[in-house]
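Novice: what's the 3D shape of this:
(2 chains)
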Amino acid sequence: GAVVSQHPSRVICKSGTSVKIECRSLDFQATTMFWYRQFPKQSLMLMATSNEGSKATYEQGVEKDKFLINHASLTLSTLTVTSAHPEDSSFYICSAPSGGGTDTQYFGPGTRLTVL
Amino acid sequence: LAKTTQPISMDSYEGQEVNITCSHNNIATNDYITWYQQFPSQGPRFIIQGYKTKVTNEVASLFIPADRKSSTLSLPRVSLSDTAVYYCPPLGGGYNKLIFGAGTRLAVHP
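Specialist: Sure, this is the predicted structure:
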């Protein structure tokens, strides 16, 4: 299947700082990517849709000024958690449709964010 | 977007066939049915996808009845490494969004 990578795999930061997470499609182009958040023992929650060349679309209840998304190219989307607080500590996962007729979605390995 | 319902957990033993059923009563006409496997601290891994009837690949089979209101993921001869959470989010044609339900936590025992 198609490969999606994320960087970093884990990050620890102090409260009040900003953290950037990268999501890359390695062997295909993705005009759309998705960002999810997952708390321990819970399911994935869709945060936003990242669109190449236009603004991201955020799900209800997700603060767009808090979670900045930039789709810089056809293979890269970034999620910046601004002024992070301990409650932002979570597992952040991105996905991208591989194209083709059924647009199967492939997920990155995830980024573990811990805010102290 | 269609909401899914699955058993919260299942237990099995090595070598057995495991069938996990997902209910998606209001699935849209254009939606595909997808199944993912997730291990702790990893992103979901794509297993299989189908629209109707039966689909089989090297790791699983997917059975979809004619009304498409449910689907069953069949894992033949499970091993300990199949212990994971399994999700069945419908794949919408227009937005490609995947909305995840609670998933089924499968535990395979020796």
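Novice: run the chain-centre distance for stretch B:81-101.
Specialist: Offset of stretch B:81-101 from its chain centre (CA atoms, centre = their mean, to the nearest Å): 7 Å.
Novice: convert it to CSV, retaining C-alpha atoms only.
Specialist: Taking Å, rounded to 0.1, in the frame of the first residue of the first chain, the C-alpha atoms of stretch B:81-101 are listed here in CSV:
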residue,chain,number,x,y,z
SER,B,81,-0.1,-10.7,16.5
ASP,B,82,-3.7,-10.1,15.4
THR,B,83,-4.5,-8.8,18.9
ALA,B,84,-5.5,-5.2,18.0
VAL,B,85,-8.5,-2.8,17.6
TYR,B,86,-10.5,-3.2,14.4
TYR,B,87,-12.5,-0.3,12.9
CYS,B,88,-15.0,-0.2,10.1
PRO,B,89,-15.4,3.4,8.9
PRO,B,90,-17.4,3.9,5.8
LEU,B,91,-15.5,5.8,3.1
GLY,B,92,-17.5,8.6,1.6
GLY,B,93,-17.1,9.2,-2.0
GLY,B,94,-17.3,13.0,-2.1
TYR,B,95,-15.2,14.1,0.9
ASN,B,96,-13.2,10.9,1.5
LYS,B,97,-13.7,11.4,5.2
LEU,B,98,-13.3,8.5,7.5
ILE,B,99,-15.4,8.8,10.7
PHE,B,100,-14.3,6.2,13.2
GLY,B,101,-16.6,4.4,15.6
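Novice: list the residues that contact the residue in chain A that chain B sits nearest to.
Specialist: For chain A and chain B, the shortest gap (CB to the nearest CB) falls at A:F107, measuring 3.6 Å. Every C-beta, even on glycine, is put in place using the N, C-alpha and C of the backbone. Residues in contact with A:F107 (CB atoms under 8 Å, 6 or more residues apart in numbering or on different chains) are A:V4, A:I93, A:C94, A:S95, B:Y36, B:G43, B:P44, B:R45, B:F46.
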